[in-house]
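Visitor: turn this into a model:
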Amino acid sequence: MTLGSLFNQTVERFSKKEAIVDLTQNIRWTYQEWDHEVNKVAQALINEGVRKGDRVSTFSFNTIEFATLFFACSKIGAVINPINFRLKERELSLILT
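Guide: Numbers count the residues shown, from 1 in each chain. Below is the predicted model of the structure:
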């Protein structure tokens, strides 16, 4: 079982229940609504050439967008690489290289 398949099972089981909330943007998504957003991001990644096993780096805070990207990567088998936003330029360069 993968995280992507686990997410899909959760969506099937709890589709109408609230899944994620972002008070700063006034967003409240059910699992079904969130799944729709996750699938849009997954498709965008595929359209950009991201494939199973590829690494997707993100330089962000813990946001609804990060959570959505996390599960989008999980669905397509990509590996998410969250990068700490507090890193200095040299440290960031080393990670990306």
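
Visitor: shouldn't V56 be within a strand?
Guide: Yes - under DSSP: H, G, I helix; E, B strand; the rest coil, V56 falls within a strand.

Visitor: F61 - how many residues pack around it?
Guide: 8 (other CB atoms under 10 Å). Quick note: C-beta positions are derived from backbone N, CA and C, even for glycine.

Visitor: what helices or strands is the helix or strand hosting L6 leaning on?
Guide: Taking DSSP states H and E as the criterion, L6 maps to helix 3-14. Using 3 or more CB pairs under 8 Å, 6 or more residues apart in numbering; DSSP states H and E as the contact test, the elements touching helix 3-14 are helix 31-47, helix 64-76.

Visitor: tell me which other helices or strands the first one touches.
Guide: Judged by 3+ CB pairs under 8 Å, 6+ apart, the packing partners of helix 31-47 are helix 3-14, strand 18-22, helix 64-76.

Visitor: and the shortest one, which strands flank it?
Guide: With DSSP bridges as the test, strand 18-22 is paired with strand 27-30 (antiparallel).

Visitor: buried residues, the partner strand. List them.
Guide: W29, T30 (16 or more other CB atoms under 10 Å).

Visitor: and if you look at stretch 48-55?
Guide: V50.

Visitor: and the most centrally placed residue in the chain, what pLDDT?
Guide: Residue closest to the mean C-alpha point of the chain, counted by CA atoms, centre = their mean, is L69 at 1.8 Å. pLDDT recorded at L69 is 98.
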